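1. No sequence on hand, only this structure:
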């Protein structure tokens, strides 16, 4: 004879029937049916109030949720996300809070779940955190325009098959993007002309940080290039990251990733159209996009122009009287018993030499120490 199958509701009806018979105590009934006395009394109360329907399972979902997202907030978040597809939950919430202060906004985690549910999030493999040596030197900024970062985002082809080399300039302290220029090539006078335009509009920084590629550096003494020599003449200190370590310029590289996602996929049909995309990106990045390093404020709320204006003409180096001053020839050499090559980037410039030991001289261009010169060995050390 097969076993009779009963449902949970039928078992509860049997429990109520046995309880109503008065033959068993609540303790005995709960032991027979394998439930606690608290559960037994619960089913009795439900049966007395609602009858047999009260013995059915009920949903455990709360009747109300104080943190539930309103339909109005959901629509606003999705609209903002479609307008700024690369922004995360915190940036979207900060952007909406500034524009719709009366809107009740949820927590960032709920926004992330909403974006994932709507298919607006692309899953990425989590990268391991890179370990950075605590003794690695870095340039500490305390105010806007203490340090600018300059770099070329990787070149790409436009719709007309010509190459575009985006030159990007940003303020390290505030993340403010000072310029994005679509150049035809990194070499030549185009880079200097665009940098001069930025200097005239925003003033001069204390220092500029770059990588070790052209046109920012060369293989000559101190890695000087014609561009970095010009910066020194303006009173700007060139700072270079270590070779093959782009993570030392991490904030700028992160901006490049957003720039690529929002302006070059796909590229514009020509250079003029691409420049319009760059200009729009720069305006939104500076004026609207919240930045977590700035307390979810846009960079424009923290940046201001430098009080150091662009000098015209360029100042000449003013060396102390104890210095030996030498002209660098068009061949890139200065005279000391015989021509000593120092680099073509300094051709036509004046350098200063200060004796720090017997026959050992420090070589300066303006206030920047270029290296040491041993007059006995007639050798220049970077």
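-> Sure thing, it's come through. If you're wondering where the values come from, they're calculated on a predicted model, not measured in any experiment. Numbers count the residues shown, from 1 in each chain.
2. any chance you could map the helices in this protein?
-> 8-21, 26-33, 37-50, 71-83, 89-99, 108-117, 190-202, 226-233, 250-263, 271-287 (DSSP state H).
3. Flag the shaky bits of the stretch 101-250 of the chain, pLDDT-wise.
-> The stretch 101-250 of the chain contains residues with pLDDT under 70 at 127-139.
4. make it 90
-> 101-107, 109-110, 113, 116-141, 154, 186-190, 213-214, 218-223, 242-248, 250 (pLDDT under 90).
5. same question, the stretch 251-382 of the chain
-> Residues of the stretch 251-382 of the chain that meet the cut-off, pLDDT under 90, sit at 265, 293, 312-315, 337, 381-382.
6. coming back round to it: would you list the helices of the chain in TSV and tack on mean neighbour count?
-> Placement of C-beta: from N, CA and C, glycine included. Listed next are the helices of the chain as TSV, based on neighbours: other Cβ atoms under 10 Å:
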stretch	mean neighbour count
helix 8-21	15
helix 26-33	14
helix 37-50	14
helix 71-83	15
helix 89-99	18
helix 108-117	15
helix 190-202	17
helix 226-233	20
helix 250-263	16
helix 271-287	17
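7. Same list, those, but as CSV with distance to residue 220 please.
-> Output for these, formatted as CSV (distance: least, Cβ to Cβ, whole Å):
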stretch, distance to residue 220
helix 8-21, 85
helix 26-33, 91
helix 37-50, 85
helix 71-83, 48
helix 89-99, 43
helix 108-117, 50
helix 190-202, 18
helix 226-233, 10
helix 250-263, 25
helix 271-287, 32
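8. This structure - how does it break down into domains?
-> 8-55, 76-117, 147-301, 324-381 (automatic domain parsing).
9. Same list as before, those that is, but in JSON lines and with distance to residue 68 included.
-> JSON lines is the format used below for those (distance: least, Cβ to Cβ, whole Å):
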{"stretch": "domain 8-55", "distance to residue 68": "28"}
{"stretch": "domain 76-117", "distance to residue 68": "8"}
{"stretch": "domain 147-301", "distance to residue 68": "24"}
{"stretch": "domain 324-381", "distance to residue 68": "61"}
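10. Which residue ranges of the stretch 201-350 of the chain form strands?
-> If you assign secondary structure with DSSP state E, counting those that start in this stretch, the strands in the stretch 201-350 of the chain sit at 207-210, 237-240, 324-327, 333-336, 338-341, 350-357.
11. got the buried residues for the fourth one?
-> Counting neighbours by 16 or more other Cβ atoms under 10 Å, one finds that the buried residues in strand 333-336 are 333, 334.
12. what's it in contact with?
-> 326, 327, 328, 329, 339, 340, 341, 342, 351, 373, 375, 378 (Cβ atoms under 8 Å, 6 or more residues apart in numbering).
13. one more time with 10 Å
-> Strand 333-336 has contacts (Cβ atoms under 10 Å, 6 or more residues apart in numbering) with 324-329, 339-344, 346-347, 349-351, 353, 361, 363, 373, 375, 378, 380.
14. and what of the first one?
-> Contact partners of strand 207-210, identified using Cβ under 10 Å, 6+ apart, comprise 138-139, 141, 145-152, 169-170, 172, 195, 216-217, 223, 225, 227-228, 231, 234, 236-241, 248-249, 252.
15. Just the buried ones out of those residues, please.
-> 141, 145-152, 169-170, 172, 195, 216-217, 223, 225, 227-228, 231, 234, 236-241, 248-249, 252.
16. Need the nearest residue in space to residue 226, chain neighbours excluded.
-> Take residue 226 and drop its neighbours on the chain: the residue closest to it by Cβ to Cβ, 6 or more residues apart in numbering is residue 345, 5.1 Å away.
17. wait, isn't that neighbour in contact with residue 227?
-> Yes: the criterion here is Cβ atoms under 10 Å, and residue 345 meets it with residue 227 at 8.5 Å.
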